[in-house]
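In: attaching a predicted model along with its sequence, questions to come.
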Amino acid sequence: MKRLSLLGALLAGALATGGAAAQDVIRIGAPLPITGPLSPEAQKQQRGYNLWAEAANKAGGVKVGDKRMKVEIVYVDYQSNTPRAVQAAEKLITQDKVHFLFSPFGSGAAKAASSVSEKYQVPTIAATASSAQVYDQGYKFLFGTFTPNDTLTEPLSDIIRKQAAGVQRVAILARNDLFPLAIAQEMEKSAKKRGMNVVYFEKYAIGTLDHASALSQIKAQAPHWIFATGYTNDLVAMRKQMADQKIEAPVVTMIAAPAYQEWIDATGKLSENVTSAAWWHPAARYKGKDVFGTTEAFVKAFRDKYKADPDYGEASAAASAAIFQLAIEKAGSLDRQKVRDALAAMNEMTFWGPVKFGPTGQIVSLEPPVFQIQKGKPTVVFPPAIRQADLKLGVAY
Amino acid sequence: MLYLQILANGLVLGGLYACIAAGFSLVWGVLNVINILHGSFIVLGGYLAFFGYVEFGIHPFASIVIAAPLFFVLGYALQRALINRMIAAPVLLTLTLTFGLDLVLSNGMLAAFTADFRKLILEPPLGVATLGPVVMPVDRLAAMLLALALTGMLYLLLAKSRIGRAIVAVRMDREAAALMGVTVPRVYAITFGLGALMAGASGPLLAMIFPISPLGGPVYLGKAFVICVLGGLGSVPGAMLGGLLLGVVESFGALWFGPEHATTLSFVLLILILLLRPEGLLGRKGYA
């Protein structure tokens, strides 16, 4: 037996053209902002990728044709600097000889790096890019696990319209940044479409410390629905300053921070009844065919390893990797064109939800949940299939 | 009515700004050292208050009393051990030194406290004071008053005490002060210690109001720069005036031009001051 595997190794070595290591292991490149301001996001991504690599290797590896291959994620730090993300992607393809690629973090960097993977025809999955502008370049090798931004604001507006008919005046305050601004603009459209009146729409600059002035103006408009976008830091400061100004409203929505436990801890009681939406929630109940299986099994595996609940960013990273595995196993080969075709044709259930990519490569099959912080926990209020509680109105100071 | 509220917002914010800038201005004015560490000292003071409150129930106001001597000693030692060796070098070199020290401190905090944003939540909260149509969060109000008191104390120290006069003398003319028997390195160390004290003491105040993160220093530092130029380097009343002015101008800037341009107005003002009165509103050769 031992001699046989030795023979096999020799044979594989003899057949290999690009070095033995590259043949034994499936290598997926991940350019990430491991240092710099976006480093917390990179850590989340790594947790997702690493969890998958561990799960896949524990299961004996990924099935390629009739053999099983171990997997390895190759990380390159681009220091939260988008031009370097593009270089990092190119380095991973040309020097590190990875088979496949994950996009760098966020819509902006993912779009920038997508031209590199297209040039080298490397199938690439973006785990954190939602903006449609990332996918409308006619590229064939880019896929993404976030649905477009309006899939977050549409169900949110639906449920508010249905359960809070009195909500008419909407105030929107957005961070002047690609994703936070894009989602605010979608919100404006969704609100107007339902006959609501957008009485305030302003942007604030990245790095803004104090929101008191904007909030005083919002208060003067007496809105029924306050919709604020930004990242954890912004929305911790803003929620506190809303209370400082004695602002209350039937509905307060914040995107994206409330999905993170860190935001709930940092705002304390003020987090109560704040609504939000995300592409995924640990309360989802999908029965997947991927390496993790059900959503519950994924959440359990994540908890066991990291002692925390996964958020949608971490889950999306793990899902992207699991989707690669499904595509490779379907293609039965590491051939980039075949794996790309398997991705394009995919129609599978995963712990992340149903996975089917549209003609642009962006996923079209997800139904993002709306949730609300109730008793200090993110609680799903929509869709009905995974609802944990009813929507509550009234956010106090 | 909205104008009154915006003015009140601006004044309270300005009080905090004054506190952020006073120590920075003092060190820059007296030592001619641009202390990049200042922002991270504030953050460290914030963490002290956060853990003091969460772990031991020490009220952030009480943390100030603990932070002040600690940071004075830290600043004094740092100046004595490291910065004094470079003090005669051109300003860019000391800037590089404090920049390097800042990298060490902020990455140390990142390792010790993780990148999570935290917030000091008082239980029960201090609440909100209402004065006619104007609402005013009590924590901001108290923080502003304390900040002004701290800044005022620094002013009195410089104007009335023996060591304060020595600091002013060194700022005016180092050689002459040395000839008069002032031990310049010691005065430098005390000044740097005072600067660190002001940063460390404003940390707990700001921790009640803004989220704390290890990499939050540069935001405070940027404000301190602007305030120093507005008010005049090395002048405590200048820092106070510059801080209040910046707070009010940012508030009205956000109202008139939208929050994304809150700082536009203040930078226009900054350029005007640099053109018309480059020494700052209250800057002059003399001090205090």
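Out: Happy to help now that I have it.

In: tell me the residues of the stretch 101-250 of chain B that contact chain A?
Out: Proximity of the stretch 101-250 of chain B to chain A, by Cβ under 8 Å from any Cβ of the partner chain, involves residues B:115-119, B:121, B:125, B:128, B:130, B:135, B:137, B:139-140, B:209-211, B:213, B:215, B:219, B:223, B:250. Bear in mind the C-beta positions are built from the backbone N, C-alpha and C, glycine included.

In: can we see that at 10 Å?
Out: B:107, B:110, B:114-123, B:125-128, B:130, B:134-140, B:206, B:208-213, B:215-216, B:218-220, B:222-223, B:247, B:250 (Cβ under 10 Å from any Cβ of the partner chain).

In: can you turn the buried part of these into a ChimeraX selection?
Out: To isolate the buried ones among those in ChimeraX, judged by 16 or more other Cβ atoms under 10 Å in any protein chain shown, type:
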select /B:110,115,116,117,118,119,120,121,125,128,135,136,137,139,140,206,208,209,210,211,212,213,215,216,218,219,220,223,247,250
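
In: in helices, which of the residues of the stretch 101-250 of chain B next to chain A fall?
Out: Judged by DSSP state H, the subset of these located in helices is B:107, B:110, B:138-140, B:206, B:218-220, B:222-223, B:247, B:250.

In: flag the shaky bits of the chain, pLDDT-wise.
Out: Using chain A here. Low-confidence segments of chain A (pLDDT under 70): A:1-23.

In: hmm, no, I was thinking of chain B.
Out: Along chain B, the model assigns pLDDT under 70 to residues B:284-288.

In: where do the helices of the stretch 51-200 of chain B begin and end?
Out: B:60-81, B:91-113, B:138-160, B:162-172, B:174-179, B:184-207 (DSSP state H, counting those that start in this stretch).

In: most tightly packed of those helices?
Out: Counting by mean count of other Cβ atoms under 10 Å in any protein chain shown, helix B:184-207 has the highest mean neighbour count of the helices of the stretch 51-200 of chain B, with a mean of 26.

In: could you give the angle of that one to helix B:60-81?
Out: Helix B:184-207 runs at 150 degrees relative to helix B:60-81, counting by axes from the mean of the first three to the mean of the last three Cα atoms, to 10 degrees.

In: which helices and strands sit right next to helix B:184-207?
Out: helix B:2-31, helix B:38-56, helix B:60-81, helix B:138-160, helix B:162-172, helix B:174-179, helix B:217-231 (3 or more Cβ pairs under 10 Å, 6 or more residues apart in numbering or on different chains; DSSP states H and E).

In: want to throw these into a markdown table with distance to B:Gly193?
Out: As requested, the helices and strands packed on helix B:184-207 are exported to a markdown table (distance: least, Cβ to Cβ, whole Å):
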| stretch | distance to B:Gly193 |
| --- | --- |
| helix B:2-31 | 10 |
| helix B:38-56 | 11 |
| helix B:60-81 | 4 |
| helix B:138-160 | 12 |
| helix B:162-172 | 11 |
| helix B:174-179 | 18 |
| helix B:217-231 | 17 |
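
In: out of the ones you listed, which is closest to A:Leu181?
Out: helix B:217-231 (20.5 Å; Cβ to Cβ).

In: the inter-axis angle of the closest one versus helix B:38-56?
Out: 130 degrees.

In: output helix B:217-231 as PDB, nothing but the C-alphas.
Out: What follows is helix B:217-231, C-alpha atoms only, in PDB (Å, rounded to 0.1, in the frame of the first residue of the first chain):
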ATOM      1  CA  GLY B 217      -6.200  58.800  17.200                       C
ATOM      2  CA  PRO B 218      -5.800  60.400  13.800                       C
ATOM      3  CA  VAL B 219      -9.300  61.900  13.800                       C
ATOM      4  CA  TYR B 220      -8.500  63.800  17.000                       C
ATOM      5  CA  LEU B 221      -5.100  64.700  15.800                       C
ATOM      6  CA  GLY B 222      -6.500  66.300  12.700                       C
ATOM      7  CA  LYS B 223      -8.900  68.400  14.700                       C
ATOM      8  CA  ALA B 224      -6.000  69.500  17.000                       C
ATOM      9  CA  PHE B 225      -4.000  70.700  14.000                       C
ATOM     10  CA  VAL B 226      -6.800  72.800  12.700                       C
ATOM     11  CA  ILE B 227      -7.600  74.300  16.100                       C
ATOM     12  CA  CYS B 228      -3.900  75.200  16.700                       C
ATOM     13  CA  VAL B 229      -3.700  77.000  13.400                       C
ATOM     14  CA  LEU B 230      -7.000  78.800  14.000                       C
ATOM     15  CA  GLY B 231      -6.200  79.800  17.600                       C
END
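
In: counting contacts, what elements does it pack onto?
Out: For helix B:217-231, the packing partners by 3+ Cβ pairs under 10 Å, 6+ apart are helix B:2-31, helix B:38-56, helix B:91-113, helix B:184-207, helix B:236-257, helix B:262-276.

In: now the ones you listed as a markdown table including distance to A:Ser103?
Out: Formatted as a markdown table, those follow (distance: least, Cβ to Cβ, whole Å):
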| stretch | distance to A:Ser103 |
| --- | --- |
| helix B:2-31 | 39 |
| helix B:38-56 | 32 |
| helix B:91-113 | 25 |
| helix B:184-207 | 36 |
| helix B:236-257 | 35 |
| helix B:262-276 | 32 |
